[in-house]
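1. Here is my input, please return the structure:
(2 chains)
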Amino acid sequence: MWKQLTKHLQTFSSAVISAVDAQGFPFSARCVPRVDQPRRALWVDLPPGAPVKPGPAGLLCHSHDEKLWNLRSFLVQGRLERNEHGWLFFPLRFIPGEGLYGRLSLLVTLFHARRNTRRYLTVRGLPRPKIPWKDINRLRAEAYKISTGIQAVKTDKVNDYVERNEAAR
Amino acid sequence: MGIWALPSEVDAVLRQFRTCELTTLSKSGTPTTWPASARYLPEQGRFLLTTSIGFAQKAFNIRRNPKVSMLYSDPTGSGLHSPPAVLVQGEGVVSDQFVTAVEGLEDYWRETIFGRQPTTGFFSSNFISRWLMDWNFMRLIIQITPRSILWWPGGNFTQPAQQIQVSHVEAAY
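-> Below is the predicted model of the structure:
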């Protein structure tokens, strides 16, 4: 887990550290973690006056492009402790998010989502619902129209546009 | 500007950022943070998010403990130059049932999802992708009401946070 964390951490320029404040609300701040190899922990800086308590904490790294695509992320759960030198995050559990393992990530996401959905519906005795694709594609076409200024766009042209962009990546 | 008297640069962050880092608290009390797209509804004094039932853990967490936070700290795609980082702490409520219908969520789907993330249009574009991705359109609705809003000018976390003066929001510190 430590090896996996340090390997992926170096591919991100910063991270979000989250802990719990005195009133029980989550408190997050962006930081640049520093690896402490002997302790197998990360030094993190919190903003001055941050009302954070030592205890359970999480560290998220994520990135996306201008169009909110090419998503990459992972989350580490652990504990935040304080000593005379600052705050130390001790990782306990590494949870891969999206895009860490290339195309395999997409397959894993699909597998988990479909499995979780099936479980959700089964546990509640619900049939798989029909999705109003016509309404969804209408909104998709309207979004395209707004972003491009093109007045009349047919759904299939939107599809073509999206697929061409995908192919060009 | 709505019912919150937010500085314009903070208002711009809440409108323009593509993602926030949403933190919920797990059963053990461990903060669990993932990127999320939130729709800022200042006229209603709340934020709107949704999550697929395929990834419903954040909704389950909020039902158990409504205390959440949303950090806006990644300006990629926002078009804003050197914006502040904004932390919204609040309480969330999750719908009892998931929805597939778009009624009442038209702006959310049009602007917050398809407008910001056009590639997701592929999910509904043909028979195969619809079969593979139908779970993405079964959504639990999450509404978050802020209790405090903090911000760091220029996204500089080495200085103390400034607090947004919001009439119905209690200060965190």
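2. burial count for residue B:120?
-> By other CB atoms under 10 Å in any protein chain shown, the residues close to residue B:120 number 20. Backbone N, C-alpha and C define where each C-beta goes, glycine included.
3. My guess is it contacts residue B:129. True?
-> No - counting by CB atoms under 8 Å, residue B:120 sits too far from residue B:129 to count as a contact (10.3 Å).
4. Tell me who's in contact with the residue positioned nearest the centre of chain B.
-> For chain B, the residue sitting closest to the mean C-alpha position, by CA atoms, centre = their mean, is residue B:38 at 2.6 Å. By CB atoms under 8 Å, 6 or more residues apart in numbering or on different chains, residue B:38 lies in contact with B:20, B:22, B:47-49, B:70, B:112, B:144.
5. tell me the pLDDT at it?
-> Predicted confidence (pLDDT) for residue B:38: 96.
6. The residue sitting nearest the centre point of chain A sits in which helix or strand?
-> Nearest to the geometric centre of chain A sits residue A:73, at 4.7 Å (CA atoms, centre = their mean). If you go by DSSP states H and E, residue A:73 is part of strand A:72-83.
7. can you list the residues that contact that strand?
-> A:5, A:8, A:11-12, A:17, A:19, A:44, A:52, A:54-64, A:87-100, B:26, B:30-35.
8. ok, now stretch A:37-53?
-> So stretch A:37-53 is in contact with A:2, A:9, A:15, A:17, A:19-23, A:27, A:29, A:31-36, A:59, A:80, A:85-91, B:152, B:157-161, B:172-173, going by CB under 8 Å, 6+ apart.
9. now these: which count as buried?
-> A:9, A:15, A:17, A:19-21, A:27, A:29, A:31, A:33, A:59, A:80, A:87-89, A:91, B:152, B:157, B:161, B:172 (16 or more other CB atoms under 10 Å in any protein chain shown).
10. buried stuff in the lengthiest helix in chain A?
-> Assignment by DSSP state H gives helix A:103-123 as the longest helix of chain A. Neighbour-count burial for helix A:103-123, counted by 16+ other CB under 10 Å, picks out A:105, A:109, A:113-114, A:116-117, A:120-121.
11. separation between residue B:152 and residue A:7?
-> Remark: distance between residue B:152 and residue A:7 (CB to CB, to the nearest Å) = 30 Å.
12. quick one: low-confidence ranges for chain B?
-> Under the criterion pLDDT under 70, the flagged ranges of chain B are B:1-3, B:165-173.
13. And the helices in chain A?
-> Ranges of helices within chain A are A:2-9, A:103-123, A:133-148, A:155-168, based on DSSP H.
14. Give the buried residues for the third one.
-> Okay, so that is helix A:133-148. Buried residues in helix A:133-148, counting neighbours by 16+ other CB under 10 Å, are found at A:133, A:135-144.
15. Return the subset of the contacts of residue B:38 lying in strands.
-> In strands, judged by DSSP state E, the following of the contacts of residue B:38 are found: B:20, B:22, B:47-49, B:70, B:144.
16. Out of those residues, which is nearest to residue B:82?
-> residue B:20 (18.0 Å; CB to CB).
17. Burial check on the closest one, number of neighbours?
-> Neighbour tally, residue B:20, other CB under 10 Å: 27.
18. That one touches residue B:69, doesn't it?
-> No - when contacts are counted by CB under 8 Å, residue B:20 is not listed as touching residue B:69 (9.1 Å).
19. Now for those two: what residues contact both?
-> residue B:88.
20. now the helices for chain B?
-> In chain B, the segments counted as helices under DSSP H are B:8-16, B:57-64, B:106-107, B:127-133.
21. Can you tell me, leaving aside adjacent residues, what's nearest to residue B:100?
-> Among residues not flanking residue B:100 along the chain, residue A:129 sits closest, at 4.9 Å (CB to CB, 6 or more residues apart in numbering or on different chains).
22. Since that was my last question, I'll sign off now.
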